[in-house]
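> Fold the stuff below for me.
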Amino acid sequence: MIYAIKKQSESNERLMSRFKKVVQRSRIMETKRNRYHKQKPTKKYIRESAVKRAEYRKKRERAKFYS
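Numbering: from 1, shown residues only. Take a look at the predicted model:
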């Protein structure tokens, strides 16, 4: 959990700016934005997943044949 404790001689505006910096450093908002705006999968990822699917298919066919 992220928090900022107000110091004794600190204004509310300064506290808010310090809190915003902590949030930016933690990259929480960036990951939230990335989840909200789902990015299109890359060609490399699509190819890798296709290869994995083909391997699983082969494995299932072999298991079906021998069982």
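> what's in contact with the helix or strand bottoming out on mean pLDDT in the chain?
Least confident helix or strand of the chain, by mean pLDDT, DSSP states H and E, is helix 28-36 with a mean of 80. If you take Cβ atoms under 8 Å, 6 or more residues apart in numbering as the criterion, helix 28-36 is touched by 2, 23. Using the backbone N, CA and C atoms, a C-beta is placed for each residue, glycine as well.
> next one: it to chain centre, how far?
7 Å (Cα atoms, centre = their mean, to the nearest Å).
> Return that helix as PDB; C-alpha atoms alone will do.
This file holds the C-alpha atoms of helix 28-36, laid out as PDB (Å, rounded to 0.1, in the frame of the first residue of the first chain):
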ATOM      1  CA  ILE A  28       0.900   1.600 -10.300                       C
ATOM      2  CA  MET A  29      -1.000   4.000 -12.700                       C
ATOM      3  CA  GLU A  30       1.000   2.800 -15.700                       C
ATOM      4  CA  THR A  31       0.100  -0.800 -15.100                       C
ATOM      5  CA  LYS A  32      -3.500   0.200 -14.500                       C
ATOM      6  CA  ARG A  33      -3.600   2.100 -17.800                       C
ATOM      7  CA  ASN A  34      -2.100  -0.800 -19.700                       C
ATOM      8  CA  ARG A  35      -4.700  -3.200 -18.300                       C
ATOM      9  CA  TYR A  36      -7.500  -0.800 -19.200                       C
END
